[in-house]
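Chemist: I'd like to go over a predicted model; first the sequence, then the structure.
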Amino acid sequence: MQIETSPKVSGNRFFCPFLCKGKTASAWLGFNSPQKHSECFPGRCPHRSYSNSAAEGSRRRDKRASSSPGCVHSDFPLPTLCLFPPLEGRRASSRPELRLGQQAGRERCGHRGGAHGDIKADKKNLGRYCGQLGSTTGNHPGRKKFVSQGNRMHLEFHSDFSNEDNGTVIPYRGFLAYYQAVDLDECDPNNAAEDNEEPRCQHICHNYVGGYFCSCRPGYQLQSDHHSCKVECSSELYTEASGYLSSPEYPQPYPEDLRCNYSIRLEKGLSIILKFLKPFEIDDHQQVHCPYDQLKIQAQGREIGEFCGKESPGSIETKSNEVDILFLTDESGFSRGWKIHYTSEKIRCPQPVPLDQFTVIRDLQPVYRYQDYFVVSCKTGYNLMKGSQKLLSFTAVCQADGTWHQSMPRCEIVNCDNPAELTNGVFRYVNKPANNNYQSVIEYQCNEPYYHIVTRGGGGRFTCSPEGTWVDEAGQARIPVCLPVCGKPVKPVAEIQRILGGKQANRGSFPWQALTGIHGRGGGALLGDRWILTAAHTILPKASGGNNISLDQLAEEANIFLGHTDVEELHKMGNHPVRRIFIHPDYDPKDEHNFNGDIALLELKHPVTLGPAVLPICLPDTTNTTFYMDGHMGYVSGFGVEKNFLSNHLKYVNLPAVSREKCQSWLDSKSGQMPMVFSENMFCAGFLTVKRDTCQGDSGSVFTVLDSGSGRWVATGIVSWGIGCAQGYGFYTKILNYVDWIKEIIREDRL
Ligand SMILES: [Ca+2]
Ligand SMILES: [Ca+2]
């Protein structure tokens, strides 16, 4: 505060204006009974200035401050100004109040000169006063109170040249006024500034002496204009597992111009569920979507929705542990807002669904949440597949974002691939349609009647197993084999031939017959599908002496023909090359009188394919010796010499076996100086009276008998030696004695 007095002398006129200046000035000016005063300046206007040292803007609200008045008064003829200590804490809007005390009274103050006081405030004249209290003349202010609107009031005291009135000196005593600063209640709506109808504070107005200030309701913040309030909701963070959040003032209308952002941040793997309570009310528009105010919900940056209107979004499962809710409002509207009760639960993964009916989800749960997992397998006979890759196992885990860490596999039926081919046989599909899938069944069959099937104990039917392999009924994967059927010619000799010199054989009657060419023409018989049984001397002839050709070389040079009764045809059909030659160790090529051990085996390089014209002969059963009994008829076929010519066609004869005694005695009768050895490993057959025999070129061919029990033809002897041709008995290697040797060499499981 500053009070200025500026005495001015103009003639004998004396001015003593005072001003309460400055923003914080506050004055109450009156002319009555100052309570006390601290300083008086008699006789003149004070020349001193008074400043209020209190800080501007002080929030001091001591209303009693207004009872610290100052005073101005005149002590006629000279004015006196009395001032009290300056008031503290004044604000611009405070205003001085002036009361005039006793003053010189005159009719029409100042009309004819004389003393008077002028009071001005707010650029208005508040009056001119003179005269005496109680006088009918003049204009005495009495106890009138002058109040300025502003914080300035101006008082001028004028006196003229004398105190005489019609020659009488009148003792005018001047005036005394006291002033007081009076607070303005800015919070009173009646005191609103003239050109501003808005209240001074948006929310709460607090008045105090010398000023006022604004504050806001809870949840709001006073803005920098010290007037308006805004909700502070730009960064609300919620970390509890559940809670409530709502628009400001809910369920009262929400404020304008909101930019609210509520963030819910929970642990990984949790899903936040928002449930809207009633009422739900946000300004909206019938045609345009939420043009005014918007409630936007985002989950991990993903927009979940923008809401307004009166229809509650209800309940929202966000499937996220991070949710942001933005609430934006414009400057108008009276909607009541919204309230959300949020909860959380472990995030759920979608229920696993099998891709096909063969997929099995183990221990299927009704609900799968974060960190749960499921295991998938396939029904028997199906493989777990991911793309083209076969999986051994499959497990999927529910991740924090509510997705499975890998996608569902599928189950594909097991495929066993094509069944293994059966040599000399075929397989056929038992089931229709024919395929190699799980549980398909095939059956192996051999090319009958030339081969018969030998299975591994589980039969010839094979089933595609869950492991993807074909297995028989015993679970074995090894397929059967097709073994040659021996001793079953398709056209067996039907009659017992008693024709002299033999007879042309039909094709198919002696299908085991081989034509050999090693040291001249010889014969042999097929065993199995790659062995030729023959006489050792067709390979190493007697008396070949120093001919040291190795067996390997002989094998290389040997010619073996099979499959026809005509020599020319046989040659056309081609040679069956020999891999190895086995000669019985008892055979001694140097001993021309002993054909003991006259037996050999040729192994063909390639098995022959059996058929009507090529079939093996059977070996005798070692327990059966009846075939060698005297008179037991057998057959010998061969391409040997007949009537001094090599035969071009297969011939055969039937001959009876002859007892050892007869053979020996006949042999004894024929012997020259060096008798031929008739060992236990030989037998003889033939007639003494009938010209029927084997001869050169028939060597190595076999003597066969029909085993009536089995219906098979069995080789009992090998054409070995004789004395001349058709001159009595012929001698044969007794195969029965060599069966073990033969089998030892052939030694094949399948035989
Ligand atoms: Ca005030
Ligand atoms: Ca609005």
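Modeler: Yes, it's here. Ligands and ions are numbered 1, 2, ... in the order given.

Chemist: in this protein, which spans are helices?
Modeler: 551-557, 567-573, 660-670, 739-746 (DSSP state H).

Chemist: can you name every helix or strand that the second one contacts?
Modeler: Contact here means 3 or more C-beta pairs under 8 Å, 6 or more residues apart in numbering; DSSP states H and E; on that basis helix 567-573 packs against strand 559-562. Glycine gets a C-beta too; all of them are placed from N, C-alpha and C.

Chemist: can you name the residues in contact with the strand it packs on?
Modeler: Applying C-beta atoms under 8 Å, 6 or more residues apart in numbering, the contact partners of strand 559-562 are 513-518, 524, 526, 532, 567, 570-571, 573-578, 602, 604, 608, 614.

Chemist: give me the subset of those that lies in strands.
Modeler: Q513, A514, L515, T516, G517, G524, L526, I532, V578, L602, L604 (DSSP state E).

Chemist: count the neighbours of the nearest residue in space to the third one that is not next to it in sequence for me.
Modeler: Going back to what we said before, that points to L515. Distances taken as C-beta to C-beta, 6 or more residues apart in numbering place F561 nearest to L515, at 4.3 Å, with adjacent residues excluded. Using other C-beta atoms under 10 Å, F561 is surrounded by 21 other residues.

Chemist: what separation do you get for F561 and H289?
Modeler: With distances taken as C-beta to C-beta, to the nearest Å, F561 is found 100 Å from H289.

Chemist: again, but for G563
Modeler: For G563, the distance to H289 - C-beta to C-beta - is 96 Å.

Chemist: just want to know which of these two has more residues nearby.
Modeler: Remark: of G563 and H289, G563 carries more neighbours, 23 against 11, as counted by other C-beta under 10 Å.

Chemist: now do the phi/psi pair for that one.
Modeler: phi 100, psi 10 (degrees, to the nearest 10).

Chemist: and the residue of the chain found nearest ligand 2, what is it in contact with?
Modeler: Closest to ligand 2 within the chain is G333: 2.8 Å, counting by C-beta to the ion. Contact analysis of G333 by C-beta under 8 Å, 6+ apart lists P253, E256, D283, Y292, D293.

Chemist: so how far is F358 from it?
Modeler: Counting by C-beta to C-beta - G333 and F358 are separated by 61 Å.

Chemist: now do the contacts for the residue lying closest to N207 once chain neighbours are set aside.
Modeler: Here the nearest residue to N207 in space, its sequence neighbours aside, is C187; by C-beta to C-beta, 6+ apart that works out to 4.3 Å. C187 is in contact with R200, C201, C205, H206, N207, Y212, counting by C-beta under 8 Å, 6+ apart.

Chemist: what's the pLDDT at the third one?
Modeler: Reading off the per-residue confidence, C205 sits at a pLDDT of 92.

Chemist: what does the pLDDT read for the residue nearest to it when sequence neighbours are not counted?
Modeler: Distances taken as C-beta to C-beta, 6+ apart place C187 nearest to C205, at 3.6 Å, with adjacent residues excluded. Looking at C187, its pLDDT is 86.

Chemist: of the helices of the chain, which is nearest ligand 1?
Modeler: helix 739-746 (132.9 Å).

Chemist: avg pLDDT for the closest one?
Modeler: 93.

Chemist: distance between that helix and the chain's centre?
Modeler: 66 Å (C-alpha atoms, centre = their mean, to the nearest Å).

Chemist: try stretch 598-610
Modeler: 64 Å.

Chemist: make 705 the starting number, not 1.
Modeler: Sure, I'll start counting at 705 from here, so that last one is stretch 1302-1314.

Chemist: tell me the mean pLDDT for that stretch?
Modeler: Here the average pLDDT along stretch 1302-1314 is 95.

Chemist: what's the first-to-last distance across that stretch?
Modeler: 27 Å (C-alpha to C-alpha, to the nearest Å).

Chemist: next one: stretch 885-905
Modeler: Note: stretch 885-905 ends 24 Å apart using C-alpha to C-alpha.

Chemist: buried sites along that stretch?
Modeler: A885, V886, D887, L888, E890, C891, R904, C905 (16 or more other C-beta atoms under 10 Å).

Chemist: kindly report the same for stretch 1424-1432.
Modeler: S1424, W1425, G1426, C1429, A1430, G1432.

Chemist: from the residues you listed, pick the one nearest ligand 1.
Modeler: Nearest member of the buried residues of stretch 1424-1432 to ligand 1, counting by C-beta to the ion, is S1424, at 153.4 Å.

Chemist: now for the closest one: which residues touch it?
Modeler: A1239, H1241, F1299, D1302, M1386, S1403, F1435, Y1436, T1437.

Chemist: what bridges to the fifth one?
Modeler: It stands for M1386. T1437 (DSSP bridges).

Chemist: go ahead and confirm it touches I1303.
Modeler: No. Using C-beta atoms under 8 Å, M1386 is not in contact with I1303, being 10.6 Å away.

Chemist: tell me, what's touching those two both at once?
Modeler: Joint contacts of M1386 and I1303 (C-beta under 8 Å, 6+ apart) are T1437.

Chemist: those two: which is more packed in?
Modeler: I1303 (27 against 24).

Chemist: ok, now how distant is the more buried one from S1369?
Modeler: From I1303 to S1369 the distance is 25 Å (C-beta to C-beta).

Chemist: could you do Y883 as well?
Modeler: From Y883 to S1369 the distance is 185 Å (C-beta to C-beta).

Chemist: who's more crowded, these two?
Modeler: A count of neighbours by other C-beta under 10 Å puts Y883 above the other of Y883 and S1369, at 30 against 11.

Chemist: who does that one bridge with?
Modeler: Here Y883, judged by DSSP bridges, has bridge partners L733, L802.

Chemist: my read: it touches M857, true?
Modeler: Yes. Between Y883 and M857 there is a contact under C-beta under 8 Å: 7.2 Å.

Chemist: V886 and F850 touch, don't they?
Modeler: No. Look at V886 against F850 with C-beta under 8 Å: they stay out of range, at 11.1 Å.

Chemist: let me know the pLDDT of the residue nearest to L1096 when sequence neighbours are not counted.
Modeler: In this structure, L1096 finds its nearest non-sequential neighbour in L1088, 7.5 Å apart by C-beta to C-beta, 6+ apart. The model reports L1088 with a pLDDT of 94.

Chemist: give me the domain ranges for this protein.
Modeler: Listed by automatic domain parsing, the domain ranges of the chain are 712-886, 937-1050, 1053-1117, 1129-1188, 1207-1450.

Chemist: who are the contact partners of K934?
Modeler: K934 touches Y924, Q925, Q927, P959, D961, L962, counting by C-beta under 8 Å, 6+ apart.

Chemist: what number of residues lie near T1269?
Modeler: Count around T1269 with other C-beta under 10 Å applied: 24.

Chemist: who touches it in this structure?
Modeler: So T1269 contacts Q1208, A1209, N1210, R1211, F1214, Q1217, H1353, L1354 (C-beta under 8 Å, 6+ apart).

Chemist: quick one: buried ones out of the residues you listed?
Modeler: Judged by 16+ other C-beta under 10 Å, buried ones among the contacts of T1269: A1209, N1210, R1211, F1214, Q1217, L1354.

Chemist: widest-spaced pair of the buried residues of stretch 1424-1432?
Modeler: S1424 and A1430 (16.0 Å; C-beta to C-beta).

Chemist: I'd say K1014 and F984 touch.
Modeler: Yes. Between K1014 and F984 there is a contact under C-beta under 8 Å: 6.5 Å.

Chemist: quick one: least confident helix or strand in this protein?
Modeler: strand 754-755 (a mean of 30; mean pLDDT, DSSP states H and E).

Chemist: any idea how far the spatially closest residue to D822 that is not a sequence neighbour is from D826?
Modeler: For D822, ignoring the flanking residues on the chain, the nearest one in space by C-beta to C-beta, 6+ apart is E860 at 4.2 Å. Distance of E860 to D826, computed by C-beta to C-beta: 15 Å.

Chemist: cool, and N1139?
Modeler: Taking C-beta to C-beta, one finds N1139 at 112 Å from D826.

Chemist: E1021 now?
Modeler: 68 Å.
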